[in-house]
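Novice: what shape does this take:
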Amino acid sequence: MAAANEALAAPDLVVFDIDGTLHDTFAWWPRVLRRGLAGFAAPAGLQLSMPDDAAACAVVGEADAGVWAPFLPASHQHRWRELRAVVLPLELEELTSGADHLFTGVRALLVHLRGLGVRLALASNCHREYLEAFCEGQGVAALTDWQFCLDSPGCPTKADMLRAATAAAGSRRAVMVGDRDNDLQAARAAGLPFVWRFNDRCAPAPVDAVWHGEPAELLGQLGLPRIS
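Specialist: Numbers count the residues shown, from 1 in each chain. Okay, the predicted model is just below:
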């Protein structure tokens, strides 16, 4: 394992998490979640407290019940799928609205990496509808080689997604870039170095590098030429 922020061996594959890593989900998710909660509450016969931005954003990157159940009373948390069914169409609408929700510099970074011959994959704890809306709505489908989610064959966990991406690429030097503890855990389970996209919501450790969002910084950490 490299010491944090030492240059890693130049990768032939980079696997990116989506939400919080490439995609500024936090810019729209609290608003969409509160709208969905309000639409769910009355028909469900519930009175729900509306989460503030911090509480809403705390679940970004979790899977299934970990995303939805925290916003329901304990006795109704088994109904998280019903809540998801109400909010999901609002998420898809947002992702395909034409608004650019990628973090600044991400699009140029992906183009540059592919120009260097680095293969790119996505790995997300979302389901197929969300992944497809993100890839098509944000123009990322054409900028990556593989996209994996919980509905991908043989991928019930993010670690499985990393293994599938590595196998698909025939990679010997893959790297995972993500923003949460579960990204780090998946990378370690798959035997990959991990670059943490810095944020103030968590601080996974130990990581191999800390990326603050600038493309030049990440490229340097990966031992790759910077964008000219």
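Novice: for this protein, just list every one of the helices.
Specialist: Per DSSP state H, the chain carries helices over the ranges 29-44, 53-57, 65-68, 80-95, 106-115, 128-137, 158-169, 181-189, 215-221.
Novice: right, and these - which one's nearest residue 145?
Specialist: Smallest distance to residue 145 across these (Cβ to Cβ): 7.1 Å, for helix 158-169. Yep, even glycine has a C-beta here, placed from its N, CA and C like the rest.
Novice: by how many degrees do the closest one and helix 181-189 diverge?
Specialist: For helix 158-169 against helix 181-189, the angle by axes from the mean of the first three to the mean of the last three Cα atoms, to 10 degrees is 50 degrees.
Novice: roughly how far out does helix 158-169 sit from the chain middle?
Specialist: Averaging C-alpha positions (Cα atoms, centre = their mean, to the nearest Å) puts helix 158-169 15 Å from its chain's average.
Novice: can you tell me the closest non-neighbouring residue to residue 178?
Specialist: residue 17 (3.6 Å; Cβ to Cβ, 6 or more residues apart in numbering).
Novice: verify the stated contact: the one you found with residue 184.
Specialist: No. Using Cβ atoms under 8 Å, residue 17 makes no contact with residue 184, being 10.3 Å away.
Novice: okay, those two: which has more neighbours?
Specialist: Just comparing residue 17 and residue 184: by other Cβ atoms under 10 Å the higher neighbour count belongs to residue 17, 25 against 21.
Novice: list the residues that contact the more buried one.
Specialist: Neighbour list for residue 17: 61, 122-124, 158, 176-180, 183, 197 [criterion: Cβ atoms under 8 Å, 6 or more residues apart in numbering].
Novice: what's the spacing between residue 164 and residue 176?
Specialist: 13 Å (Cβ to Cβ, to the nearest Å).
Novice: which one of those two has more residues nearby?
Specialist: Comparing residue 164 with residue 176 by other Cβ under 10 Å, the one with more neighbours is residue 176, at 31 against 20.
Novice: need the contact list for residue 63.
Specialist: 125, 150.
Novice: next, count neighbours for residue 214.
Specialist: Neighbour tally, residue 214, other Cβ under 10 Å: 13.
Novice: correct me, but it touches residue 103?
Specialist: No. Using Cβ under 8 Å, residue 214 makes no contact with residue 103, being 10.1 Å away.
Novice: give me the number of residues near the residue nearest to residue 214 when sequence neighbours are not counted?
Specialist: Take residue 214 and drop its neighbours on the chain: the residue closest to it by Cβ to Cβ, 6+ apart is residue 105, 6.6 Å away. Using other Cβ under 10 Å, residue 105 has 16 neighbouring residues.
Novice: next, residue 105: phi, psi?
Specialist: Backbone torsions of residue 105, given as degrees, to the nearest 10, read phi 90, psi -10.
Novice: quick revisit: a markdown table for the contacts of residue 17, including distance to residue 34 and pLDDT?
Specialist: A markdown table is the format used below for those (distance: Cβ to Cβ, whole Å; pLDDT from 0 to 100):
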| residue | distance to residue 34 | pLDDT |
| --- | --- | --- |
| 61 | 19 | 93 |
| 122 | 27 | 98 |
| 123 | 28 | 98 |
| 124 | 23 | 98 |
| 158 | 27 | 98 |
| 176 | 32 | 98 |
| 177 | 30 | 98 |
| 178 | 26 | 98 |
| 179 | 22 | 96 |
| 180 | 22 | 95 |
| 183 | 26 | 97 |
| 197 | 25 | 97 |
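Novice: closest to residue 85 out of the residues you listed?
Specialist: Using Cβ to Cβ, the contacts of residue 17 come closest to residue 85 at residue 124, 19.2 Å.
Novice: good, wrapping up.
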